[in-house]
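A.B. asks: below are the sequence and a predicted model for it; my questions follow.
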Amino acid sequence: MLPGLTEIPDVIHATVTVLVKVTERNITADMRNASSQAYKNFSDLFVSQMNKVYKGDDLPLYKEVIIRELLNGSIVVDNGVVLEAKYTPEYKTVFRNATEIVKDKIMNETSTIATDLYQCRYHILCYNGNFTTVDEDSLTFSFDPAEYCFQNAAKDFGHYFYPEDLDGTLTCVNNCTQGTKSQVNCSPGYCQLLHSGPQCVCPNTDTHWYWGKTCESRTSKRLVYGLVGTVLALLLVLVITLAVILSCSQRRKHRSTYDLSQAQQREALPGTFQSTGVWEADSLKKEMYGLEKGYSHFQPNLENVDLKPRCSSSEFFPPWD
């Protein structure tokens, strides 16, 4: 917020553009020169007649008429009607209402039909009412609080500031200024003016997170923590289950390998028989199946048999006495 507008003048002026066409007279070359006597004589006559038109109790804001330019046809006078009033927060409305009175007065004056053309040529000014124009949109002010706020704000922030009456003082404010009509309600957060404009900064309390354009939404921390804890517990159970399944699979694989190794070892034990291929598919296809063929393919393996005698005759025949 900028400080109160201490530079506000006590009196503000407003100017509205008016065009009137003077008949029975023609513009001359020296009348285009504002320092010439011809220009001075015409302007004094025109201003004098306009003062009579505008002054009155119904238009107390009237101050003066200023001629801007004289144009061809017969003489077209581009002039500004200056109004004056003390500053009030509603000064623009006051001046617009006064402009309506200006319009009514000049239209009535120029619509009067002159009957004495001699007077129109040498003593008074007569007008063509059909040409008279009052440009209400041209109303300008000697002091513009909005422009003042724009010019005195920080760089790149001017378009966020505007004048508003706070406690009887005209102040430059923005939508984050407390007590203004257009204040942004960020409760429970606060409003902060950024380069992108007024924005709400939402708080983070012990129990909730606040979010949204005006911090209107909130989320319970307890709920979020509970959901996160539940998800983590489910993930832990899933990991343990996968670990158990993988462990069981490894055990079955190890047991199968162990059983196959034992079978291979038993084939090499002393005094056992080894197959020589009778049961192979090719042998079955080529030869007739029979016991003789079957027995002929089983041969004793005596490679590891201990052939040393283990018993003596004395063990079976006791000595003779």
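C.D. replies: Structure received. Remember, it's a predicted structure, so these values are computed and weren't measured experimentally. Residues are numbered from 1 along each chain as shown.

A.B. asks: give me the most central residue, the chain.
C.D. replies: By Cα atoms, centre = their mean, the chain has its centre lying nearest to Ser196, at 7.9 Å.

A.B. asks: that one and Val184, how far apart?
C.D. replies: For Ser196, the distance to Val184 (Cβ to Cβ, to the nearest Å) stands at 13 Å. (C-beta placed from N, C-alpha, C; glycine too.)

A.B. asks: repeat that for Phe46.
C.D. replies: On the measure of Cβ to Cβ, Phe46 and Val184 end up 53 Å apart.

A.B. asks: now Tyr160
C.D. replies: 11 Å.

A.B. asks: so what's in contact with these two at the same time?
C.D. replies: Residues within reach of Tyr160 and of Val184 at once, by Cβ atoms under 8 Å, 6 or more residues apart in numbering, are Asn175, Pro198.

A.B. asks: quick check: Thr88 touching Val94?
C.D. replies: Yes. At 6.7 Å, Thr88 counts as touching Val94 under the criterion of Cβ atoms under 8 Å.

A.B. asks: so after the helix or strand hosting Leu45, what's the next helix or strand?
C.D. replies: Under the criterion of DSSP states H and E, Leu45 resides in helix 37-54. Per DSSP H and E, the first helix or strand lying C-terminal to helix 37-54 is strand 62-72.

A.B. asks: and Val18, how many neighbours does it have?
C.D. replies: Burial of Val18 is recorded as 23 neighbouring residues (other Cβ atoms under 10 Å).

A.B. asks: so what sits opposite it in the bridge?
C.D. replies: Beta-bridge pairing for Val18 (DSSP bridges): Asn79, Val134.

A.B. asks: quick one: the helices in the protein?
C.D. replies: 37-54, 91-110, 117-122, 145-152, 221-267, 281-286, 291-296, 313-316 (DSSP state H).

A.B. asks: run through the neighbouring helices and strands of the fourth one.
C.D. replies: I take that to be helix 145-152. On a contact count with 3 or more Cβ pairs under 8 Å, 6 or more residues apart in numbering; DSSP states H and E, helix 145-152 meets strand 162-166, strand 169-173.

A.B. asks: closest to Val11 out of those strands?
C.D. replies: Val11 lies closest to strand 169-173 among those, at 14.8 Å (Cβ to Cβ).

A.B. asks: distance from the chain centre to that closest one, please.
C.D. replies: In terms of Cα atoms, centre = their mean, to the nearest Å, the centre of strand 169-173 is found 27 Å from the chain centre.

A.B. asks: same question for stretch 133-141.
C.D. replies: On the basis of Cα atoms, centre = their mean, stretch 133-141 sits 38 Å off its chain's mean C-alpha point.

A.B. asks: likewise for stretch 36-55?
C.D. replies: From the chain centre to the centre of stretch 36-55 is a distance of 57 Å (Cα atoms, centre = their mean).

A.B. asks: neighbouring contacts of that stretch?
C.D. replies: With Cβ under 8 Å, 6+ apart as the test, stretch 36-55 has contacts from 22, 28, 30-33, 62, 64-65, 67, 70, 75, 77, 79, 81, 102, 105-106, 109, 124-125.

A.B. asks: phi, psi of Gly56?
C.D. replies: The phi/psi pair for Gly56 (degrees, to the nearest 10) reads phi 160, psi 170.

A.B. asks: count the neighbours of it for me.
C.D. replies: Gly56: 11 surrounding residues under other Cβ under 10 Å.

A.B. asks: so what's it scoring on pLDDT?
C.D. replies: Turning to Gly56, the model gives it a pLDDT of 94.

A.B. asks: got the contact list for it?
C.D. replies: Gly56 sits next to Tyr62 when contact means Cβ under 8 Å, 6+ apart.

A.B. asks: low-confidence regions, the chain specifically.
C.D. replies: Within the chain, the segments meeting pLDDT under 70 span 1-7, 256-321.

A.B. asks: domain assignment for it?
C.D. replies: For the chain, automatic domain parsing gives the domain ranges 11-143, 147-201.

A.B. asks: could I get those as CSV with distance to Leu238?
C.D. replies: Shown next, in CSV, are the domains of the chain (distance: least, Cβ to Cβ, whole Å):
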stretch, distance to Leu238
domain 11-143, 69
domain 147-201, 40
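
A.B. asks: so which of those comes closest to His208?
C.D. replies: Among the domains of the chain, if distance is taken as Cβ to Cβ, the winner is domain 147-201, at 9.2 Å.

A.B. asks: mind checking how far the closest one is from the chain centre?
C.D. replies: Worked out by Cα atoms, centre = their mean, domain 147-201 lies 18 Å from the chain centre.

A.B. asks: cool, and stretch 217-226?
C.D. replies: Centroid separation for stretch 217-226 versus its chain: 26 Å, with Cα atoms, centre = their mean.

A.B. asks: that stretch spans what distance, first to last residue?
C.D. replies: Length of stretch 217-226, first residue to last, Cα to Cα, to the nearest Å: 19 Å.
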